[in-house]
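Chemist: With the input below, show me the fold.
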Amino acid sequence: MHNIAVLNTDKNLCTQVKQVGAGYVVTEFDVIVPEFDFNLVGKSYDVNTGFTEYVAPQPELIPIIINSVSNTLTGFEDGPNQYTVAELTDVIATGTLAVADSKFRVPFKRDDGAIRFMVAEVVGGVFTLTMNFKTGGKWIVNQELVNSSYPAPVFGITEQTFMVI
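Modeler: Residues are numbered from 1 along each chain as shown. The predicted structure is shown next:
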């Protein structure tokens, strides 16, 4: 008797474990394993490293690139991707986003958990986000927030922090 782990057609994932007799012809999709172990099902397989936990490939995210932010207040020690802005003032972030022309809502989260939406528009690959914070506080937008209305992440963005005074 032999213990066999059966691989998928890409030969990288175990789909079945079985015991076979002496007359069984081992195929290119079979790996002889020392023990009959159902825990191999669903594991990744590599000829050099053997069986490991399967990690689903992550989709490539469409990057939202912020090139500039207007109407920021000067004289503050803002770090990278951090901006100090005034309440009730239009702040415009521009950059690039490789999607079809569209308009959509971008959620921002304040340090107290409040979420507000700002309007973004893409025209010809140019991304414009118009923000007008009605209340002060620390507001952020990040990858989790911009993808919160999608079943799986679509966009990538470096966290942006707005200190609203």
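
Chemist: What residue spans form the domains of this structure?
Modeler: 2-52, 62-164 (automatic domain parsing).

Chemist: and among those, the most buried is which?
Modeler: Of these, the one with the most neighbours on average (mean count of other CB atoms under 10 Å) is domain 62-164, at a mean of 15. (Each C-beta comes from the backbone N, C-alpha and C, glycine too.)

Chemist: what's the first-to-last distance across that domain?
Modeler: Terminal residues of domain 62-164 are spaced 28 Å apart (CA to CA, to the nearest Å).

Chemist: Please apply the same query to stretch 68-80.
Modeler: With CA to CA applied, stretch 68-80 spans 12 Å between its terminal residues.

Chemist: now stretch 13-33
Modeler: End-to-end distance for stretch 13-33: 14 Å, by CA to CA.

Chemist: Same question for stretch 93-112.
Modeler: With CA to CA, one end of stretch 93-112 sits 23 Å from the other.

Chemist: Report the distance from that stretch to the chain centre.
Modeler: 15 Å (CA atoms, centre = their mean, to the nearest Å).

Chemist: start the count at 41, not 1, going forward
Modeler: Yes, from this point I'll number from 41; that puts the last item at stretch 133-152.

Chemist: which residues touch that stretch?
Modeler: 102-110, 155-169, 171, 173, 175, 177-181, 185-186, 188-189, 195, 200, 202 (CB atoms under 8 Å, 6 or more residues apart in numbering).

Chemist: try stretch 154-166
Modeler: By CB under 8 Å, 6+ apart, the surrounding residues in contact with stretch 154-166 are 134-150, 167-175, 177, 179, 185.

Chemist: So which of these sit within helices?
Modeler: Cross-referencing the contacts of stretch 154-166 against helices under DSSP state H gives L185.

Chemist: what are the phi and psi values for the residue nearest to N187 when sequence neighbours are not counted?
Modeler: Spatial nearest neighbour of N187, excluding adjacent residues (CB to CB, 6 or more residues apart in numbering): P193 at 4.3 Å. Phi and psi for P193, reported as degrees, to the nearest 10, are phi -60, psi 140.
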